[in-house]
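Peer 1: no sequence on this one, just coordinates:
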């Protein structure tokens with residue numbers, strides 16, 4: 001296979017994965033959008049966490065809410081738990097890396113808030129700890145995973161929402177995660193500002 005053929009195949013695989021995912025994910029994405037919007041309208045906040053590429057997705061999501069997505073609107077309360085290096089490194093050094101998000105949720109999270117917990121495999125130990133603390137504080141969890149959800153799928157309660165990409169390849173899952181984040185942002189704006197073309 002030539003390099004150009006490899007590139008073309010990447011595009012085809014990405015498109016096919018997204019089209020396959022919409023059947024199972026559209027409904028849960030709608031539910032997550034409504035839950036996040038209700039939280040924000042009630043004066044709550046949406047926190048997001050994840051590792052590596054999922055950390056970048058957390059920051060991307062929070063930035064779209066705090067600043068703007070595609071339309072002008074007032075800032076919305078969102079926080080990426082992946083950005084404060086002093087907090088992250090002090091918790092990792094003084095306690096353990098598994099607590100880097102959980103301790104922030106203990107400090108900042110309130111009942112009625114929402115946690116967007118991102119893990120491609122569904123097995124990230126620090127995201128799992130974050131979910132435990134979120135539940136203890138009355139915070140709804142929206143889990144964004146792939147590969148059948150891993151351990152995270154077993155932790156979710158009836159009030160939580162699971163957005164699981166039906167794929168195994170990490171790159172494809174991450175591509176659908178980004179699309180899902182854009183769907184959430186667009187849907188929140190639609191619910192707050194009204195439907196537009």
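Peer 2: The structure has been received and is ready for your questions. Since this is a predicted model, take the numbers as computed values, not measurements.

Peer 1: how far out from the middle of the chain is the helix ranked longest in the chain?
Peer 2: Counting by DSSP state H, the longest helix found in the chain is helix 3-41. Centre-to-centre, helix 3-41 and its host chain are 12 Å apart (Cα atoms, centre = their mean, to the nearest Å).

Peer 1: list the buried ones in that helix?
Peer 2: 14, 17-18, 21, 25, 28-29, 32-33, 35-37, 39-40 (16 or more other Cβ atoms under 10 Å). Any C-beta I mention is one placed from the backbone N, CA and C, and that applies to glycine too.

Peer 1: Likewise for stretch 177-192?
Peer 2: So, applying 16+ other Cβ under 10 Å, buried residues of stretch 177-192: 177, 179, 180, 181, 183, 184, 185, 187, 188, 189, 191.

Peer 1: pLDDT on it, on average?
Peer 2: If you average the pLDDT over stretch 177-192, you get 97.

Peer 1: need the buried residues of helix 3-41 in TSV with distance to residue 104 and pLDDT, can you?
Peer 2: Below are the buried residues of helix 3-41 laid out as TSV (distance: Cβ to Cβ, whole Å; pLDDT from 0 to 100):
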residue	distance to residue 104	pLDDT
14	33	97
17	32	97
18	32	97
21	30	97
25	28	98
28	25	98
29	25	98
32	21	98
33	24	98
35	21	98
36	19	98
37	23	98
39	17	98
40	19	98
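
Peer 1: Report the separation between the closest residue to residue 30 other than its chain neighbours and residue 137.
Peer 2: The shortest distance from residue 30 to any non-neighbouring residue, by Cβ to Cβ, 6 or more residues apart in numbering, is to residue 187 (7.0 Å). The gap separating residue 187 from residue 137 is 25 Å, by Cβ to Cβ, to the nearest Å.

Peer 1: which ones are touching the residue nearest in space to the middle of the chain?
Peer 2: The C-alpha lying nearest the average C-alpha coordinate of the chain belongs to residue 116 (Cα atoms, centre = their mean; 4.0 Å). By Cβ atoms under 8 Å, 6 or more residues apart in numbering, residue 116 lies in contact with 36, 46, 47, 48, 49, 58, 61, 142, 144.

Peer 1: Name the nearest of those residues relative to residue 126.
Peer 2: Relative to residue 126, the closest of those is residue 49; by Cβ to Cβ it sits at 7.5 Å.

Peer 1: and that closest one, backbone torsions?
Peer 2: In terms of degrees, to the nearest 10, the main-chain angles of residue 49 are phi -150, psi 160.

Peer 1: got it, and residue 56?
Peer 2: phi -60, psi -40.
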